[in-house]
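Visitor: With the sequence up front, the predicted model follows.
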2 protein chains.
Amino acid sequence: MDLKQQLKPFFEPETVAIVGATKGIAFGAGLPLCLSENGYRERLRLVNPREKEIIGLPVYPDVEAIPGKVDLAIVVVPAPICLSVFQACARKGIKAIILEAAGFSETGPEGKKREEELKDFARSAGIRVIGPNCIGLVNTANRFISTQVPQESLTPGPVSVVAQSGVFGNIILDWGPENGIRFSKVITIGNRMDVGELDLIEYLADDPTTKVIVLYLEGVQNGRAFLSLAARVSRKKPILILKSGRSEVGRKAVLSHTGSLSGDDAIFDAAFRQCGVIRSDDFYGLFDLARAFSVAPLPKGKRIGIITSTGSIGVQTSDACVSQGLSIPDISERSRNEMKKIAPAWMSIRNPLDVGPSGLFGDGMNVILTDPDLDGIIGIPVLPSFVAKEFVRQGVPPTSLVGNLSKELLGPGGKTLLLAPIGNRAWIEILREAFGDRVPIISSPENAARVMAALARYREYLEKTK
Amino acid sequence: MDLKQQLKPFFEPETVAIVGATKGIAFGAGLPLCLSENGYRERLRLVNPREKEIIGLPVYPDVEAIPGKVDLAIVVVPAPICLSVFQACARKGIKAIILEAAGFSETGPEGKKREEELKDFARSAGIRVIGPNCIGLVNTANRFISTQVPQESLTPGPVSVVAQSGVFGNIILDWGPENGIRFSKVITIGNRMDVGELDLIEYLADDPTTKVIVLYLEGVQNGRAFLSLAARVSRKKPILILKSGRSEVGRKAVLSHTGSLSGDDAIFDAAFRQCGVIRSDDFYGLFDLARAFSVAPLPKGKRIGIITSTGSIGVQTSDACVSQGLSIPDISERSRNEMKKIAPAWMSIRNPLDVGPSGLFGDGMNVILTDPDLDGIIGIPVLPSFVAKEFVRQGVPPTSLVGNLSKELLGPGGKTLLLAPIGNRAWIEILREAFGDRVPIISSPENAARVMAALARYREYLEKTK
């Protein structure tokens, strides 16, 4: 059975057993109701010797008492009894288990021993396991979830995430919707006693709804295998990574957190670059990258134009671009002449282009977006809320102030545009709603510079490995 | 007349003339109504030869036609007629002008000449000028404003800002309220032909409502004078700075934006450090610093404890702390024993302390906050929204999950605590509302590390210069 077949029950189970299903407030307690609301009521099998009924469904004393076939078991019982649950699953013919329980290698030698036993048993029984110490996964395509998540998080999108930490998985699902990130699949692997990032990268590489693969790892299982797989998959889809454990303290903490060992950081850095993997140093930056890589065409070169209505921020952004290896060339003669026709005397026509309070941001954007001497544009639209409100009052959509950001101009083969608006939330929401599907809205101008550089480097990688 | 007396009419004018007041949409058009709503209706004098009446107030053809004394003139007419307005102001006996018009040194040699003429005239007439190319100022104490700002931005607070760019001033006023920043005074100085950052730092140093001075400059007027003033004022109040113009391109852009020249960046960096000035590289980081310096006591040393419910973020934060020169020591024997009493078997009790899904964040915080071996704490409370909602449903305030963050523990002489929550907006708002007045809510765990290091360095500066 190939990998895709083996992993299928995790993402598209026909019937799901929840072993350790319970009422009240406890880890995993909300899951039956949540799965039921997502359309899985008929396919749910609840198991707990101390319960008779939960949300109106019968509860079985053990998995073997379940009538009919079970595709996947989600196991949320305490660590010491996991082995007996696994044995029952094997007898029931279950081939896929999401083990959410903690209390294994992350706690020390005793837990490690327990994990090894489970692992040996699963392997001998031909059972694939995600976990332990995780929250399993979310598949927005069929709304299958193994953890409770808000409904808004299940709007399908292009970003798939593989994370070690279960809580991290929960956070991003919670945080995504109001920050313009939509997911295809989110998988947390915890101590990854069996299914690890290698299997999942391989799986996501062929997943048609995944456009960008995001990894949050505290170390990789097998460095050599990871790099060769990543180099291959990167040619097809961008792989973004947030890897922690840079400092000595950080590495010790990683060891205690998921029991995995992370290697020398500088080596990772160089290796990632060589295989086209894009690394971020922080959480928000990671999702800025995800937004950009799932929406924007790659820049044809490193010549970046900046347009803003506050010169000071333009200067900051120029600095950030230059420090990222991008160039901020003069704008073309043509653009200069176009701008001269409309600009007031006080405006200095250059790159970065600061339109000040002229109200010419949109016109300036239209000029600079078609400049033949620029490969990418960072737009920093700044609109005080009273101005936005005044325009709304007069029936002018505030988006008309940003320029003609047409699908044709910004589609495949078009110019790379990143918007890093500054101002209050309402203004940023207006932009996200109007353009979010074709223009990445980035969290800060400095991050826009980092993202633009990453897009340009990725294009170089693709060309070099063609 | 001393500096305080000279600058008083800018911040506390008895009567204000707006020269160039107009109807409709134009730069400065909303100001009369806005000032009127802020309680200045009786003290407003509008000037424009082409208008008879605006918002029900008489409009005078020129400043000399205004009956009675005028303390301050806000000038929003085109650059070429500014000299004649200045001359009229001088004849009227006006000693303070906010010149908001653009079209001066930022546009090239001709504008520079025009600015020089104005400057010479103002000096000879004994008129102090803020501007040109700015939006003047906001004083929340008496709600005096020389630019239109949302009412929410006028809630008095501890942060005063001196910015060169007018648009920057508008943005931060717009952005502040929903991001937990409250202002005392915001002054934009544009091309600073007369009043500059030196005057304003001096003024703010003695301003009782200003606890933190934030500077956004693209270069300083007089490096030597700046450093000696900053070293003196820093001993009294923290000075935070966002200075752009790091790269060559950035420096050229600065020149065109406000006509000021910025020097070698590394020199600035070293000099700032020596005189206790705290520098930020980006906008959001600057206001994280502002939040922290206006609320938190300074840490007594560099030993930092981290508590989180997602180990991966704890690792990230440890890395960031170490790279900032902070240390992440083991927690004390006492804390370890306290935690052992309450922690489940799977929890590893160390620093960073990852409480996972145990629900023990609050208890862990209480232990670590009183640990004698730690000088500062970074708390990263993470709560998926469904959990927060469940607690709210059951009448448990979600804030009770964060620990006993009492005023006694966190007041002067207490422990330094920074909170860097991750999750959706509702969760962050709950924390801001409950604790924002005594605990800085920082925008990311990485920034919390930077902020903690800055607080520790500032304390060292104070001790060294005592």
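Guide: That came through, no problem. Numbering: from 1, shown residues only, chains lettered A, B, ... in the order given.
Visitor: Could you pull up the residues touching A:Ala125?
Guide: A:Ala125 makes contacts with A:Phe86, A:Cys89, A:Ala90, as judged by CB atoms under 8 Å, 6 or more residues apart in numbering or on different chains. Bear in mind the C-beta positions are built from the backbone N, C-alpha and C, glycine included.
Visitor: can you give me the strands in the stretch 151-300 of chain A?
Guide: Here the stretch 151-300 of chain A has its strands, by DSSP state E, counting those that start in this stretch, at A:156-163, A:183-188, A:212-217, A:239-243, A:278-280.
Visitor: For chain B, find the nearest of those.
Guide: The minimum distance between chain B and these falls on strand A:212-217, with 6.4 Å, by CB to the nearest CB.
Visitor: For the stretch 51-200 of chain A, which residues are neighbours of chain B?
Guide: Within the stretch 51-200 of chain A, the positions adjacent to chain B are A:79, A:102-104, A:106-108, A:111, A:133, A:148-150, A:163-168, A:170-171, A:173-175, A:177-178 by CB under 8 Å from any CB of the partner chain.
Visitor: Any of those residues buried? List them.
Guide: With burial judged by 16 or more other CB atoms under 10 Å in any protein chain shown, the buried subset of those is A:79, A:102-104, A:106-107, A:111, A:133, A:148-150, A:163-168, A:170-171, A:173-175, A:177.
Visitor: can you put the contacts of A:Ala125 in JSON lines and add pLDDT and secondary structure?
Guide: Output for those, formatted as JSON lines (pLDDT from 0 to 100; DSSP: H, G, I helix; E, B strand; the rest coil):
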{"residue": "A:Phe86", "pLDDT": "98", "secondary structure": "helix"}
{"residue": "A:Cys89", "pLDDT": "98", "secondary structure": "helix"}
{"residue": "A:Ala90", "pLDDT": "98", "secondary structure": "helix"}
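Visitor: which one's the longest helix in chain A?
Guide: Longest among the helix segments of chain A by residue count, using DSSP state H, is helix A:445-464.
Visitor: Can you give me the domain boundaries for chain A?
Guide: Listed by automatic domain parsing, the domain ranges of chain A are A:3-130, A:137-295, A:304-464.
Visitor: Now render the ones you listed as JSON lines, adding distance to B:Cys275.
Guide: What follows is the domains of chain A, written out as JSON lines (distance: least, CB to CB, whole Å):
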{"stretch": "domain A:3-130", "distance to B:Cys275": "47"}
{"stretch": "domain A:137-295", "distance to B:Cys275": "30"}
{"stretch": "domain A:304-464", "distance to B:Cys275": "22"}
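Visitor: hang on, the earlier thing: now that we have the contacts of A:Ala125, which one has the most neighbours?
Guide: A:Cys89 (27 neighbours; other CB atoms under 10 Å in any protein chain shown).
Visitor: on that earlier part again, quick one: which of the strands of the stretch 151-300 of chain A is nearest A:Lys95?
Guide: Nearest to A:Lys95 among these is strand A:183-188; the distance by CB to CB comes to 17.5 Å.
Visitor: and the closest one, which strands flank it?
Guide: Using DSSP bridges, the strands paired with strand A:183-188 are strand A:137-139 (antiparallel), strand A:156-163 (parallel).
Visitor: Show me the one of the ones you listed that comes nearest B:Ser312.
Guide: Using CB to CB, the nearest of these to B:Ser312 is strand A:156-163, at 7.5 Å.
Visitor: any chance of the strands paired with strand A:183-188 in CSV, plus mean pLDDT and distance to A:Ala270?
Guide: Compiled in CSV, the strands paired with strand A:183-188 are given as follows (pLDDT from 0 to 100; distance: least, CB to CB, whole Å):
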stretch, mean pLDDT, distance to A:Ala270
strand A:137-139, 97, 31
strand A:156-163, 96, 22
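Visitor: Not including adjacent chain positions, what is the nearest residue to A:Leu46?
Guide: Once flanking residues are discounted, A:Leu46 sits nearest to A:Ala21: 4.1 Å by CB to CB, 6 or more residues apart in numbering or on different chains.
Visitor: Report the separation between the one you found and chain B.
Guide: Separation of A:Ala21 from chain B (CB to the nearest CB, to the nearest Å): 17 Å.
Visitor: Pull the number of nearby residues for the closest residue to A:Thr210 other than its chain neighbours.
Guide: The shortest distance from A:Thr210 to any non-neighbouring residue, by CB to CB, 6+ apart, is to A:Ser160 (4.1 Å). A:Ser160: 28 surrounding residues under other CB under 10 Å.
Visitor: Quick one: mean pLDDT over stretch A:392-412.
Guide: Stretch A:392-412 shows an average pLDDT of 78 in the prediction.
Visitor: Among the residues of the stretch 51-200 of chain A next to chain B, which are located in helices?
Guide: Assigned to helices by DSSP H, the following of those qualify: A:Gly111, A:Gly166, A:Val167, A:Phe168, A:Asn170, A:Ile171, A:Leu173, A:Asp174, A:Trp175.
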